[in-house]
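Visitor: my questions concern the predicted model and sequence given below.
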Amino acid sequence: AGALVVVAADLLALALLREPAAFGADIAVGNSQRFGVPLGYGGPHAGYLATKDEHKRQMPGRLIGVSVDRRGEPALRLALQTREQHIRRDRATSNICTAQVLLAIMASMYAVYHGPQGLHNIASRVRLFTRILQEGLDGAGYRTNRAPVFDTLHISGGPLDQAAIAAAAAEQEINLLLNADGSVGVSLDETVTLADIADLFAIFGLAGDPKALAAGIDLSYPPPFSRETDYLSHPVFNSYHSETEMLRYIHRLKGRDLSLAHSMIPLGSCTMKLNATTEMLPVTWPEFGALHPFVPREQAAGYTELFDRLGRWLADITGFAAMSFQPNAGSQGEYSGLLVIRAYHHARGDDHRNICL
């Protein structure tokens with residue numbers, strides 16, 4: 001009684017699967033790292049949080065509402081000001097927010113460009129390839145998920161053991177999840193091609209043509225898992241589906257903002273204030289963006305060298321012993337700093353300190 005149900009859900013999967021709210025969930029959370037944002041070796045990505053209307057005052061971050069200005073024109077403004085620090089002080093909920101807005105914009109524009117139908121097609125393609133692989137595995141005697149799948153398979157049994165599968169995968173330069181119990185995990189995404197599925201067939205010793213299997217696969221989900229409601233119905237998500245339309249839309253939005261192309265950015269906008277174009281371009285390089293966060297360390301030697309060098313430089317500059325690159329945004333860095341400060345006080349026996357001004 002009185003418990004709230006929180007569901008972690010994948011955004012792309014929700015293009016096909018019934019939404020958490022329809023199952024009675026109170027809160028839905030997740031991340032956008034596979035929603036138009038490169039994996040980047042586990043690098044920055046925006047999270048999402050959605051909840052029922054009755055919980056909106058407990059939501060972290062700031063809420064923007066639609067209002068009218070003095071001329072009667074539609075305007076956007078901060079809503080529910082009573083949540084803010086200048087009113088509720090230490091009981092405020094608005095100050096628990098992050099500055100991952102660049103990644104949130106990337107994920108948003110991914111949805112704008114593809115729209116609901118495009119996202120449905122992408123999700124269906126992911127599920128199709130997953131089901132093709134599952135059909136091939138099941139036909140060869142492997143055991144896979146019994147529940148309906150979207151993009152991930154848990155594989156056990158079968159004619160080849162984990163060691164043989166891992167060796168064959170290494171020859172194909174494909175990383176698989178090798179579990180301690182001898183099972184194998186495979187996750188597919190929108191970048192996977194039919195040629196990749198053929199490689200996986202070879203790795204698991206499967207006979208048959210993956211393309212031929214596709215014809216007999218039903219992509220629908222059984223009740224109650226299939227999505228029945230519309231999503232992304234706003235005109236913005238149904239208008240800009242060509243490169244030219246998208247470019248012009250983004251340019252119009254850019255013209256409403258203050259950027260380094262106009263002037264110095266005020267202190268209140270702390271993210272990427274001093275990052276020049278030459279510093280941002282590598283973000284788009286596949287050598288940085290395409291690396292999965294779980295690859296073996298020897299496959300991430302470049303990232304490791306960057307971390308080690310930058311860590312040493314920052315430690316030398318600040319006089320500290322070491323640096324942490326865990327926080328993905330300024331606000332998370334502040335939180336990490338507070339945790340370090342608290343640990344320092346606790347180490348000195350100052351356990352009573354629990355207020356930060």
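Guide: Ah, there it is.
Visitor: drop to CA atoms for contacts and neighbour counts, all remaining ones
Guide: Will do.
Visitor: the nearest residue to Asp69 once chain neighbours are set aside: which element?
Guide: Setting aside the residues directly before and after it, Asp69 is nearest to Ala75 in space (CA to CA, 6 or more residues apart in numbering), at 5.9 Å. Secondary structure assigned from DSSP states H and E places Ala75 in strand 74-78.
Visitor: list of residues touching stretch 188-206?
Guide: With contact meaning CA atoms under 8 Å, 6 or more residues apart in numbering, stretch 188-206 is reached by 34, 122-123, 125-126, 129-130, 133, 136-137, 140, 151-152, 160, 165, 168-169, 172, 207, 209-211.
Visitor: tell me which element Glu287 falls in.
Guide: Assessed by DSSP H and E, Glu287 sits inside helix 286-289.
Visitor: let's see that helix as PDB, backbone CA atoms only.
Guide: C-alpha atoms of helix 286-289 as PDB (Å, rounded to 0.1, in the frame of the first residue of the first chain):
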ATOM      1  CA  PRO A 286      33.300   6.800 -35.400                       C
ATOM      2  CA  GLU A 287      36.600   6.000 -33.700                       C
ATOM      3  CA  PHE A 288      35.200   7.800 -30.600                       C
ATOM      4  CA  GLY A 289      31.500   7.400 -31.100                       C
END
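Visitor: look up how far Ala79 lies from Gly65.
Guide: Noted for Gly65: a distance of 5 Å to Ala79, by CA to CA, to the nearest Å.
Visitor: how about Phe325?
Guide: Relative to Ala79, and taking CA to CA, Phe325 is found at 33 Å.
Visitor: quick one: the strands in the chain, in order.
Guide: 6-8, 27-31, 47-51, 64-68, 74-78, 142-143, 152-157, 177-178, 184-187 (DSSP state E).
Visitor: can you list the strands that the fifth one pairs with?
Guide: Sheet pairing here is set by DSSP bridges, and for strand 74-78 it gives strand 64-68 (antiparallel).
Visitor: for the strand it pairs with, C-alpha coordinates in CSV please.
Guide: Taking C-alpha atoms only, strand 64-68 is exported to CSV below (Å, rounded to 0.1, in the frame of the first residue of the first chain):
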residue,chain,number,x,y,z
ILE,A,64,8.6,24.6,-18.6
GLY,A,65,5.0,25.6,-19.2
VAL,A,66,3.1,27.4,-22.0
SER,A,67,1.7,30.8,-21.1
VAL,A,68,0.9,34.1,-22.8
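Visitor: which residues in that strand does the neighbour count mark as buried?
Guide: Residues of strand 64-68 include none that count as buried (16 or more other CA atoms under 10 Å).
Visitor: and what of stretch 232-245?
Guide: Quick answer for stretch 232-245 (16+ other CA under 10 Å): 237-238, 240.
Visitor: closest one of the residues you listed to Leu102?
Guide: Phe237 (18.5 Å; CA to CA).
Visitor: what separation do you get for the closest one and Ser336?
Guide: To Ser336, Phe237 is 36 Å away according to CA to CA.
Visitor: mind checking the pLDDT average for stretch 225-237?
Guide: For stretch 225-237, mean pLDDT is 97.
Visitor: correction: stretch 190-209
Guide: 95.
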